[in-house]
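Chemist: whatever this is, show me its structure:
(one chain, ligands or ions: 2)
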Amino acid sequence: MSFNSLCMNNLWRSAIRLSSNAAVTSTRLVAIRCKRFGDKRGELCQTRAHSNNTQHVSRKLVRNGKEKKLVVFIEGNIASGKTTCLEYFSKTSNIEVLTEPVSKWRNVRGHNPLGLMYQDPTRWGITLQTYVQLTMLDRHLSTMSAPVRMMERSIYSAKYIFVENLFRSGKMPEVDFAVLSEWFEWITQNIAIPVDLIVYLQSSPQTCHERLKERCREEEKIIPLEYLEAIHQLYEDWLIKKTSFNVPAPVLVIPADDDLQKMLHQYEENREKILAGSNV
Ligand SMILES: Nc1ncnc2c1ncn2[C@@H]1O[C@H](COP(=O)(O)OP(=O)(O)O)[C@@H](O)[C@H]1O
Ligand SMILES: Nc1ccn([C@H]2C[C@H](O)[C@@H](COP(=O)(O)O)O2)c(=O)n1
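Modeler: Residues are numbered from 1 along each chain as shown. Ligands and ions are numbered 1, 2, ... in the order given. Next up, the predicted model:
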């Protein structure tokens with residue numbers, strides 16, 4: 001038996017010994033280690049780590065006949081209505097909602113990297129995006145407290161949309177982009193980021209601009225329509241055309257230009273699909 005196989009066997013054995021309460025955390029740790037050992041069988045590792053009664057069913061895991069937890073990312077442009085959507089679903093029992101940690105981005109030990117980035121993206125883009133990457137990873141790896149997790153954006157959109165936009169628009173130096181890319185690649189190659197479905201709130205940049213002005217977040221007052229158009233295009237290429245970057249889960253598109261009442265109706269219509277982690 002090779003050294004790697006020996007280590008993998010020991011890891012599985014110790015993971016199975018862990019209590020079921022620690023299942024999510026242990027799955028994560030084992031998945032991380034599987035990747036570190038160059039093992040491509042991340043899903044198999046997860047299955048074995050859960051328990052002897054675990055079986056793998058399509059993209060989901062079931063344990064003792066019960067469905068494993070489901071993770072849904074809510075993606076979309078700035079002010080497209082992601083937080084409002086999450087607030088709506090947070091009223092449902094059994095759904096855990098994680099909003100973006102914007103308050104951290106506005107205040108890290110008394111500094112405001114979000115505000116600094118909008119004032120001078122070339123100087124502070126790397127600072128904000130490094131912190132976004134860390135705080136999003138922390139969100140992804142936190143222990144789930146409900147069967148369904150709905151999470152605002154992801155480490156993927158941070159890189160594929162926001163970092164990419166800074167770089168393409170000439171506002172991020174090549175060296176900063178290279179360092180962030182190395183970090184991102186290391187993280188995504190070594191750590192399993194659970195996701196079952198991406199819900200894309202597809203709104204026009206004009207609608208977002210109106211809503212952004214209405215929300216009136218101090219740091220965002222200087223955002224022009226062109227910025228939202230660039231973010232929109234990157235989202236479309238990633239999640240609709242699927243021509244730019246890897247899409248880590250099926251995508252459910254919800255048109256998001258309608259007024260609040262109609263949007264709530266649409267969320268209700270899509271509730272079953274979302275809770276099933278399905279885009280059909
Ligand atoms: N369907 C809607 N129609 C009109 N205004 C909306 C709608 N959804 C959200 N808003 C408002 O638009 C602003 C941005 O919404 P928010 O949910 O914070 O967006 P995001 O989280 O995507 O940035 C908020 O002031 C919110 O009250
Ligand atoms: N990787 C990221 C993620 C978000 N931002 C900015 C965009 C907004 O000003 C703010 C929060 O976004 P919202 O939830 O309102 O869509 O953070 C960024 O610059 N980089």
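Chemist: how near is the spatially most central residue of the chain to Gln261?
Modeler: Taking C-alpha atoms, centre = their mean, the centroid of the chain lies closest to Ser154, which sits 2.1 Å from it. Noted for Ser154: a distance of 28 Å to Gln261, by C-beta to C-beta, to the nearest Å. Where C-beta positions appear, they are placed from N, C-alpha and C, glycine not excepted.
Chemist: number of nearby residues for the spatially closest residue to Leu225 that is not a sequence neighbour?
Modeler: Leaving aside its chain neighbours, Leu225 sits nearest to His209 (5.0 Å; criterion: C-beta to C-beta, 6 or more residues apart in numbering). Number of residues near His209 (other C-beta atoms under 10 Å) recorded here: 20.
Chemist: quick check, His209 in a strand?
Modeler: No. His209 is assigned helix when assessed by DSSP: H, G, I helix; E, B strand; the rest coil, not a strand.
Chemist: wait, what's in contact with it?
Modeler: By C-beta atoms under 8 Å, 6 or more residues apart in numbering, His209 lies in contact with 79, 223, 225, 228.
Chemist: would you mind listing the two of these that lie farthest apart?
Modeler: The most widely separated members of the contacts of His209, counting by C-beta to C-beta, are Ala79 and Leu225 (11.9 Å).
Chemist: circling back: strands - which of the contacts of His209 land there?
Modeler: With strands taken from DSSP state E, there is no overlap with those.
Chemist: turn those into CSV, including neighbour count.
Modeler: Listed next are the contacts of His209 as CSV, based on neighbours: other C-beta atoms under 10 Å:
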residue, neighbour count
Ala79, 23
Ile223, 18
Leu225, 13
Leu228, 22
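Chemist: name the nearest residue to the residue nearest to the centre of the chain, ignoring sequence neighbours.
Modeler: Excluding its sequence neighbours, the residue lying closest to Ser154 (C-beta to C-beta, 6+ apart) is Phe73, at 4.6 Å.
Chemist: partner strands of whatever helix or strand the one you found lives in and their direction?
Modeler: Using DSSP states H and E, Phe73 maps to strand 70-76. With DSSP bridges as the test, strand 70-76 is paired with strand 148-152 (parallel), strand 197-202 (parallel).
Chemist: Serialize those strands to CSV and add fields for mean neighbour count, mean pLDDT and distance to ligand 2.
Modeler: What follows is the strands paired with strand 70-76, written out as CSV (neighbours: other C-beta atoms under 10 Å; pLDDT from 0 to 100; distance: least, C-beta to the nearest ligand atom, whole Å):
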stretch, mean neighbour count, mean pLDDT, distance to ligand 2
strand 148-152, 22, 98, 6
strand 197-202, 23, 98, 10
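Chemist: and the ones you listed: which comes nearest Cys85?
Modeler: Comparing the strands paired with strand 70-76 by C-beta to C-beta, strand 197-202 comes nearest, at 6.4 Å.
Chemist: CA-only coordinates of the closest one in CSV, if you can.
Modeler: Presented in CSV, the C-alpha positions along strand 197-202 are these (Å, rounded to 0.1, in the frame of the first residue of the first chain):
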residue,chain,number,x,y,z
LEU,A,197,-27.4,25.3,-7.5
ILE,A,198,-26.7,28.8,-8.6
VAL,A,199,-29.7,31.2,-8.7
TYR,A,200,-28.9,34.1,-11.1
LEU,A,201,-31.0,37.2,-10.5
GLN,A,202,-30.8,38.6,-14.0
